[in-house]
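J.: no sequence for this one, just the structure:
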Ligand SMILES: Nc1ncnc2c1ncn2[C@@H]1O[C@H](COP(=O)(O)OP(=O)(O)OP(=O)(O)O)[C@@H](O)[C@H]1O
Ligand SMILES: [Mg+2]
């Protein structure tokens, strides 16, 4: 089943003296359960692409279609609800709400979606155990290491069973041990929950774990291989 | 909503010091405002009561021309029928007659225009307790010489020397003047009574005699036992002149009255003015003095006397200048509070701005993962609301003992401050009002300021762009 389709996507930044064609005509589609890495040198347009996929930024041209919905047609507040129901986000850092515990962070979106307390509790417990933090449910983000925080972020992104998870360089701030731990966890959950992961990275070890590797350069896809 | 409240509450404690400083600024401003309003409202109330209870009463019945032209010729004759009709009204307990006229009083070389008030000694005493205002202690030169010979605390003696020619109608004011406590007062009472007693008598019905207000008596240099010559104009231009023995000196807190009042039995006064049964006003003794009931009673009387020359006036109509002065004073206070509140408004505003700008990235994450901007704005509003509430509640709690203390222990000004008050015609007492509506209003103003301060950051949140916020 096709969860995400990108058609002829362009992004031109012209707010500085020079016009930057950050994304220059990208066509891609992703199936349910994929585990895909977007790689490319710095400045190649990875972040710009992911932001447009997530509806955080508007393309200059082209379309992003998620589960059949052209997200460009959604209004300002509709798009937020749409994200809440369809996309899980993992950012590079400072992902978590600092005043909420690990458990409350994971529950957050389920709360917005008005899940019952029992369902929320069960799902949170299941996910935090899956990311190896079953014993840190009540810790605040400041009491967790960077790697642990990213694992909680992954748990939160998956909590309400979105169509796919977007992660822009989720391991950029982690040491190699935490990086491989996080990758293992992501891969496990990808298999178990059958939820698509799309993440960008620079890291060779991360690229090795991906089952699909999309390379972009100067805003264009230069290779797209499935291992 | 529960999550929003939980987040807001925890958020304000992320920067404990800033929250406490902001709450403290609200705390001090509101505390100051509450105390100030309490003092204002209490002091005005006290002044009103003072005037009402020593002079105008709550409602007066008069001839309709009297108020604008206060002459005997605008008086009225109180007939038994009228009296009966007025007394029929539920809230009216009794009628206290007044005959008020101007006269020239003279003693030897001293002469002064005075306000001559004919009163019913018994009824009047119930309204204004004049008999309790009779001077009974006076520190004349001779009295002070006599007290010097007694063996009393030199500190108190020094105070007494400063009180030469001062008169007292009760121990409470003596205690304040001497700046002593109850124990010390207890000890010196016998000595003072022995050496400085002043022999006053109260008026009797149909007895020729007058009570002279304290300051006026001092000006005219009359004492109990002296005679005062009064020259005036009686009803319809008849001339009036007679000599009256001074029975007593009365001390009024209100300096206006203290400077010019002379009291006489009403029948004597009517006789002096050649106007039997004439009154200039009839003060009503009321069961209930609350604003609402007073207004109702006034309306009832005016309905009763529609199409006649009689009219009822309430204390507000009769004391317009005083009320205006108080209102002007109150406005001055309100302007001061306004400035104070403006300062807190900026403080609160600064706090909100910092709270939003330093959390821009966090807001970006929240909006990205699916939290509506409006919800975020609610969280922020709750945060400021909590800080505001913290300040408001703590200042209300802190104000309770202060207001209670002030309410039970009115502040009596001393020395120059007291003199200044008296010169302006005010009783030198600062009273506190108890808890009242003003608590609600002041708190509401602070709450509104806090909510207004949130408007700008809320607007910013509503316009926040996700990627810009995430990049912060
Ligand atoms: N807001 C912006 N205004 C102007 N130019 C921008 C803006 N954001 C990105 N760019 C430009 O667009 C191009 C792509 O940037 P992008 O951040 O997408 O690259 P990236 O592949 O994520 O790089 P990195 O690996 O360093 O994160 C760059 O040349 C960058 O300078
Ligand atoms: Mg990037």
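T.: Okay, I see it. Here the structure is a predicted model, which means the values were calculated and not measured. Residues are numbered from 1 along each chain as shown, chains lettered A, B, ... in the order given. Ligands and ions are numbered 1, 2, ... in the order given.
J.: Name the spans of chain B whose pLDDT lies under the cut-off.
T.: The model of chain B has pLDDT under 70 over residues B:415, B:419-420, B:422-427.
J.: Please repeat the previous calculation with a cut-off of 80.
T.: B:1, B:50-51, B:53-55, B:172-173, B:176, B:237, B:253-255, B:412-429, B:472 (pLDDT under 80).
J.: And the next helix or strand past the longest helix seen in it?
T.: Secondary structure of chain B per DSSP state H: the longest helix is helix B:320-357. Going down the chain from helix B:320-357, the next helix or strand is helix B:360-369, by DSSP states H and E.
J.: Who are the contact partners of the closest residue to chain B within chain A?
T.: Of all residues in chain A, residue A:84 sits closest to chain B, at 2.5 Å by C-beta to the nearest C-beta. (Each C-beta comes from the backbone N, C-alpha and C, glycine too.) For residue A:84, the contact set (C-beta atoms under 8 Å, 6 or more residues apart in numbering or on different chains) comprises A:109, A:112, A:113, A:160, B:369, B:370, B:371.
J.: helices and strands around the longest helix of chain B, which ones?
T.: Applying 3 or more C-beta pairs under 8 Å, 6 or more residues apart in numbering or on different chains; DSSP states H and E, one finds that helix B:320-357 contacts helix B:16-51, helix B:373-408, helix B:437-462.
J.: for those, which one sits closest to chain A?
T.: Smallest distance to chain A across the helices and strands packed on helix B:320-357 (C-beta to the nearest C-beta): 7.4 Å, for helix B:373-408.
J.: and the closest one with helix B:320-357, angle?
T.: Going by axes from the mean of the first three to the mean of the last three C-alpha atoms, to 10 degrees, helix B:373-408 is angled at 140 degrees with respect to helix B:320-357.
J.: Helix B:373-408 to helix B:360-369, inter-axis angle?
T.: 130 degrees.
J.: okay, how far is it across stretch A:25-41, tip to tip?
T.: Terminal residues of stretch A:25-41 are spaced 18 Å apart (C-alpha to C-alpha, to the nearest Å).
J.: Sorry, slip of the keys, the one I care about is stretch A:206-225.
T.: OK, stretch A:206-225 end separation, C-alpha to C-alpha: 15 Å.
J.: Of all the residues in that stretch, which ones are buried?
T.: Neighbour-count burial for stretch A:206-225, counted by 16 or more other C-beta atoms under 10 Å in any protein chain shown, picks out A:206, A:209, A:210, A:212, A:213, A:214, A:215, A:216, A:219, A:221.
J.: Just flag the most distant two among those.
T.: Spatially, the most separated pair among the buried residues of stretch A:206-225 is A:209 and A:219, at 25.3 Å (C-beta to C-beta).
J.: and the lowest-mean-pLDDT helix or strand in chain A, what does it pack onto?
T.: Least confident helix or strand, chain A: helix A:204-209 with a mean of 88, by mean pLDDT, DSSP states H and E. Applying 3+ C-beta pairs under 8 Å, 6+ apart, we find helix A:204-209 packed against strand A:35-39, helix A:176-193.
J.: Just send the helices and strands packed on helix B:320-357 back as JSON lines, with distance to ligand 1 and mean neighbour count too.
T.: As requested, the helices and strands packed on helix B:320-357 are arranged in JSON lines below (distance: least, C-beta to the nearest ligand atom, whole Å; neighbours: other C-beta atoms under 10 Å in any protein chain shown):
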{"stretch": "helix B:16-51", "distance to ligand 1": "32", "mean neighbour count": "19"}
{"stretch": "helix B:373-408", "distance to ligand 1": "21", "mean neighbour count": "19"}
{"stretch": "helix B:437-462", "distance to ligand 1": "19", "mean neighbour count": "17"}
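J.: So for residue B:329, which of these sits nearest?
T.: Nearest to residue B:329, of all those, is helix B:16-51, at 7.2 Å by C-beta to C-beta.
J.: ok, and does whatever helix or strand residue A:21 lives in reach over to chain B?
T.: Assigned by DSSP H and E, residue A:21 belongs to strand A:20-31. No. On the criterion C-beta under 8 Å from any C-beta of the partner chain, strand A:20-31 is out of touch with chain B, staying 11.9 Å away.
J.: The residue of chain A closest to chain B and residue B:413, how far apart?
T.: Separation of residue A:84 from residue B:413 (C-beta to C-beta, to the nearest Å): 66 Å.
J.: And what about residue B:244, helix, strand or coil?
T.: For residue B:244, the secondary structure call by DSSP: H, G, I helix; E, B strand; the rest coil comes out as strand.
J.: hey, what's it bridged with?
T.: Judged by DSSP bridges, the bridge partners of residue B:244 are residue B:228.
J.: how about the nearest residue to the residue most central in space within chain A, chain neighbours excluded?
T.: For chain A, the residue nearest the mean C-alpha position is residue A:166 (1.5 Å; C-alpha atoms, centre = their mean). The shortest distance from residue A:166 to any non-neighbouring residue, by C-beta to C-beta, 6 or more residues apart in numbering or on different chains, is to residue A:54 (5.0 Å).
J.: Need the phi and psi values for that neighbour.
T.: The phi/psi pair for residue A:54 (degrees, to the nearest 10) reads phi -80, psi 0.
J.: just the one 3 residues further on next, same as before
T.: With angles defined as degrees, to the nearest 10, residue A:57 sits at phi -140, psi 150.
J.: for the one 4 residues further on, same thing?
T.: As for residue A:61, its main-chain torsions (degrees, to the nearest 10) stand at phi -160, psi 160.
J.: That one and residue A:10 touch, don't they?
T.: Yes. Under the criterion of C-beta atoms under 8 Å, residue A:61 makes contact with residue A:10 at 3.9 Å.
J.: So these two - more neighbours on which side?
T.: Applying other C-beta atoms under 10 Å in any protein chain shown to residue A:61 and residue A:10 shows that residue A:10 carries more neighbours, namely 16 against 13.
J.: Run me through the strand neighbours of whatever helix or strand the more buried one lives in, direction for each.
T.: Residue A:10 belongs to strand A:2-13 when elements are defined using DSSP H and E. Next to strand A:2-13 in the sheet, as set by DSSP bridges, lie strand A:20-31 (antiparallel), strand A:61-66 (antiparallel).
J.: Identify the residue spatially nearest to residue A:136, adjacent ones excluded.
T.: residue A:102 is the one closest to residue A:136 (C-beta to C-beta, 6+ apart), at 5.5 Å.
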